[in-house]
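Student: here is the input, now give the coordinates:
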Amino acid sequence: MANRIIRLQDIVEEVQKHHPEADTDLIEKAYIFSAKAHEGQLRLSGEPYLSHPLEVAYHLAKMGLGPVTVSSGLLHDTVEDSAATLDELDEYFGEEVADVVNGVTKIGQLVFGDRQTQQAEYIRKMILSMSHDIRVLLVKLADRAHNMRTLGIMEPARQKRTSRETLDIYAPLAGRLGMFRLKAELEDLSFFYLEPEAYQQIREGLFRKKGALEKYNQDMCQFLRDQLAEHHIKGEVNGRVKNFYSIYRKLQAQQITLDELYDLLAFRIIVDAVHDCYETLGVIHAIFRPVPGRLKDYIGMPKGNMYQSIHTTVIGQGGERLEIQIRTREMHRVAEEGIAAHWSYKERRAYHEKDAKRFTWLKQMVDLQKELKNPQELLEGVRLELYPDEVYAFTPTGDVKELPRGATLVDFAYAIHSEVGDQCTGAKVNGRMVPLRTELANGDTVEIITSPHHTPSRDWLQFVKTTKARHKIRQWLKVAEREQSVALGKELLERELRKSGVSLQKLVKEGDDLKQIIQDLSFVGVDDLLAAIGHGKVSPGQVTGRLSRLHAPAVEEEVLPEAPAKRGKEEPAGLKIKDLDDLLMRLANCCQPIPGDPVMGYITRGKGVTIHRADCPYLASTETFRHIPAEWDGAGGPQKRYPVKIQVITVDKPGLLADITSALKIADVNVTKASVETTAENKGVAQFTIQVADQQHLEKVFGALKRLKEVISVRRMTG
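Tutor: Predicted coordinates for the structure are as follows:
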């Protein structure tokens, strides 16, 4: 049909094949309207533009869809690419058709922003449209399928961009809707443009094997038919070469060549009834040795899109692997046609409750797009939902939870309920206590143990798989960090206010002064102000300063410069903290920062701010809401010296310590502490605490030490 021009009659006949009683007048009206709307328009190939909506409508008709959906296919580009309006479609074709076309049009409308934001907004629109009416997505899939078949006319950059989007979004969506034939076609077309050399190699390799593959296929199909007949099972047997992209993925995953891949063919047995499926499986396993772990019963436990089939992999007579699918005729229809086989589409608007199980993933995606405003998080979440590679686990009461492969017990807990996830303290799998990071296996029965006083751990983020779990954990941590910031900010502000004889409680109760300060600093409420103080974004001094100005006399006075605040004896000169110039600062002993080091402040309880090197291991283990940016401002002067611990490893020889201390003296440093020991390998390990002016001075010291020929290495120590 690829070289044949689709006619209206082809579409009508296809619809009547699936819906004999259908009134096709709506389709004929839509054809005439679309022809007039697109009159004079051409595609890049030079064909009349009408050829595209005709192809889309024919594809929808072959999927078994009815007059409303097929008519929407004929009209899907009229609002975007012609003078036609939605009001006209509503008037001529009814609200349902207008709504579907509107949904398709909205998805296609351009958005502004960077590429990632555009893609996230595009997906957001698609999720909302298809949750309102899945027919929007069916029309969009048919539209994309025809565009991919005619993509060759586009420039290479456009080909790759469209193919990447198709492979990442549209092909997985087709799979999620159970439309596996369309999924395979979209994958192969995308693969052709994205990896042309690999595509051609597989194509040529299969062509070389064509004769042998066809003979093997015929022989194996006949052998399986004979075995079914011998056991009095009625059924059809056929074999097919797998699609190019699935072959490519296997070659990549196993790091082998096409000649080393034996399971190029997949066989399918279609029988009359469910009990025949299991009887056939018994026959297959009696003839061939099954491969352990490769039996999947999607009849007893259907996939999320209600796909049903038995999959088994066995060792053939020549030692090769055979993949065999066993299903009933109805299951086969569902597997081929997907969503269209589930719904009657005698043009009802939304799916019924009984269909809800098939679209748990769609509900999850709708929830995701509501909660995840960050484009990167949304894209990550959607990809997880579209590439589930499911694992099925049970609650103790027998409820089934479908999760992506690699999901852990924490993911399972959040799949039950957000509160169960937050309060999860442990879990039993098949009656045995196991760690929360344990990955689920198919058929596991999981009992989650909770405690009302337990809260999520930041460590969980390192192993959870599902977007829901990750989002809920981050959400809880964000709230918890805010509460901690508010508490810390309250403590800091109360201490500062006490210096002026003011109580925070009184300030809050009286209200007006605090409201004015909150407004001046562009915050919404008291907690926002306290959180900003606790997070180091606002200084307590800024609040007390504004409070003083509110009650200052309304006459001009001579303003005298303030005397510099006395620093504690530990407090270093030459350091600056953004918006905080009234807190005690001291250098951390663990990492001993010096001028020139990137630094970060840590707000302690009652001891001001401790300055650490930005890469300090201790700092990495502390609460991030206490971190505050800091930097050196050069005010320390060359006379100021800072302690640094260094380690020098040398070849052991008499008098070496004297040589090292001499080199340190030449480098203009004072040694305040020294220790030396000899290792079993006759190496000397010397540790010194020296005083330097800054990072540049320390590098000069290292240079002086490395010039000694006996020195093997010099390093700065932490702790």
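Student: tell me the average confidence for the strand or helix carrying residue 486?
Tutor: Assessed by DSSP states H and E, residue 486 sits inside helix 467-499. Taken as a whole, helix 467-499 carries a mean pLDDT of 82.
Student: show me what that helix is packed up against.
Tutor: helix 360-371, helix 375-386, helix 409-416, helix 418-422, helix 504-510, helix 526-534, helix 540-550 (3 or more C-beta pairs under 8 Å, 6 or more residues apart in numbering; DSSP states H and E). All C-beta atoms are positioned from the backbone trio N, CA, C, and that covers glycine.
Student: so how far is that helix from its chain's centroid?
Tutor: 26 Å (C-alpha atoms, centre = their mean, to the nearest Å).
Student: for that helix, which positions count as buried?
Tutor: By neighbour count on 16 or more other C-beta atoms under 10 Å, the buried set for helix 467-499 is 467-473, 476-477, 481-482, 484-486, 488-494, 496-497.
Student: swap in stretch 428-440?
Tutor: Neighbour-count burial for stretch 428-440, counted by 16+ other C-beta under 10 Å, picks out 429, 436, 438, 439, 440.
Student: equivalent analysis for stretch 151-160, please.
Tutor: 151, 154, 159.
Student: show me where the stretch 201-350 of the chain dips below the pLDDT cut-off.
Tutor: 304-305, 337-350 (pLDDT under 70).
Student: and with 90 instead?
Tutor: Residues of the stretch 201-350 of the chain meeting the criterion pLDDT under 90: 209-210, 212-213, 242, 246, 249-265, 291-308, 315-322, 330-350.
Student: residue 41 and residue 289: what is the separation?
Tutor: Counting by C-beta to C-beta, to the nearest Å, the gap from residue 41 to residue 289 is 60 Å.
Student: looking at those two, which is more packed in?
Tutor: More neighbours surround residue 41 than the other of residue 41 and residue 289, with 13 against 9 (other C-beta atoms under 10 Å).
Student: correct me if wrong: the more buried one contacts residue 81.
Tutor: Yes. The pair residue 41 / residue 81 is scored as a contact, 7.0 Å apart, by C-beta atoms under 8 Å.
Student: what residues do the two have in common as contacts?
Tutor: residue 49 (C-beta atoms under 8 Å, 6 or more residues apart in numbering).
Student: quick one, phi psi at the closest residue in space to residue 315 that isn't next to it in sequence?
Tutor: Excluding the flanking residues, the one nearest residue 315 by C-beta to C-beta, 6 or more residues apart in numbering is residue 289, at 4.6 Å. Residue 289 adopts backbone torsions of phi -80, psi 120, taken as degrees, to the nearest 10.
Student: quick one on the thing from earlier: closest one of the buried residues of stretch 428-440 to residue 531?
Tutor: Proximity of the buried residues of stretch 428-440 to residue 531 (C-beta to C-beta) peaks at residue 436, which lies at 30.4 Å.
Student: so how far is residue 414 from that closest one?
Tutor: Distance, residue 436 to residue 414, using C-beta to C-beta: 12 Å.
Student: equivalent analysis for residue 193, please.
Tutor: 38 Å.
Student: with residue 453 instead?
Tutor: For residue 453, the distance to residue 414 - C-beta to C-beta - is 18 Å.
Student: more neighbours: which of the two?
Tutor: residue 414 (29 against 7).
Student: give me the pLDDT value at the more buried one.
Tutor: On the pLDDT scale, residue 414 gets 92.
Student: again, but for residue 635
Tutor: 49.
Student: please apply the same query to the one 5 residues further on.
Tutor: The confidence metric pLDDT takes the value 81 at residue 640.
Student: what's the answer for residue 132, then?
Tutor: 69.
Student: please apply the same query to residue 579.
Tutor: Residue 579 is given a pLDDT of 49.
Student: got a list of what residue 695 touches?
Tutor: 594, 595, 596, 597.
Student: brain fart, residue 202
Tutor: Counting by C-beta under 8 Å, 6+ apart, the residues that residue 202 touches are 244, 247, 248, 251, 258.
Student: between those residues, which sits nearest residue 662?
Tutor: residue 251 (64.8 Å).
Student: quick check: angle from the helix holding residue 486 to helix 540-550?
Tutor: Per axes from the mean of the first three to the mean of the last three C-alpha atoms, to 10 degrees, the angle that helix 467-499 makes with helix 540-550 is 50 degrees.
Student: let's have the contacts of residue 202 in JSON lines, adding secondary structure, neighbour count and distance to residue 214.
Tutor: Below are the contacts of residue 202 laid out as JSON lines (DSSP: H, G, I helix; E, B strand; the rest coil; neighbours: other C-beta atoms under 10 Å; distance: C-beta to C-beta, whole Å):
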{"residue": "244", "secondary structure": "helix", "neighbour count": "21", "distance to residue 214": "17"}
{"residue": "247", "secondary structure": "helix", "neighbour count": "21", "distance to residue 214": "17"}
{"residue": "248", "secondary structure": "helix", "neighbour count": "20", "distance to residue 214": "21"}
{"residue": "251", "secondary structure": "helix", "neighbour count": "18", "distance to residue 214": "21"}
{"residue": "258", "secondary structure": "helix", "neighbour count": "17", "distance to residue 214": "17"}
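Student: how close does residue 698 get to residue 657?
Tutor: 20 Å.
Student: what's around residue 105, how many residues?
Tutor: Using other C-beta under 10 Å, the number of residues around residue 105 comes to 18.
Student: can you pull the contacts of the residue lying closest to residue 546 once chain neighbours are set aside?
Tutor: Leaving aside its sequence neighbours, residue 546 sits nearest to residue 517 (C-beta to C-beta, 6+ apart; 4.9 Å). Neighbour list for residue 517: 529, 543, 546, 547, 550 [criterion: C-beta under 8 Å, 6+ apart].
Student: can you map out the helices along the stretch 51-200 of the chain?
Tutor: 51-62, 67-75, 78-81, 86-93, 95-108, 115-132, 135-149, 156-165, 171-176, 180-194, 196-208 (DSSP state H, counting those that start in this stretch).
Student: which of these sits most buried?
Tutor: Stretch with highest mean neighbour count among the helices of the stretch 51-200 of the chain: helix 67-75 (a mean of 30; mean count of other C-beta atoms under 10 Å).
Student: where in the stretch 451-600 of the chain is pLDDT low?
Tutor: 452-455, 457-459, 461-462, 465-592, 594-600.
Student: the same query, at a cut-off of 50, please.
Tutor: 553-570, 579 (pLDDT under 50).
Student: just give me the neighbour total for residue 257.
Tutor: Applying other C-beta under 10 Å, we find 10 residues neighbouring residue 257.
Student: change the start of the numbering to 5 and stick with it
Tutor: OK, 5 is where the count begins now, so the last one is residue 261.
Student: can you get me a residue count around residue 531?
Tutor: Other residues close to residue 531 by other C-beta under 10 Å number 15.
Student: residues contacting it?
Tutor: Counting by C-beta under 8 Å, 6+ apart, the residues that residue 531 touches are 486, 490.
Student: redo that, cut-off 6 Å
Tutor: residue 490 (C-beta atoms under 6 Å, 6 or more residues apart in numbering).
Student: how near is it to residue 492?
Tutor: 12 Å.
Student: thank you, goodbye.
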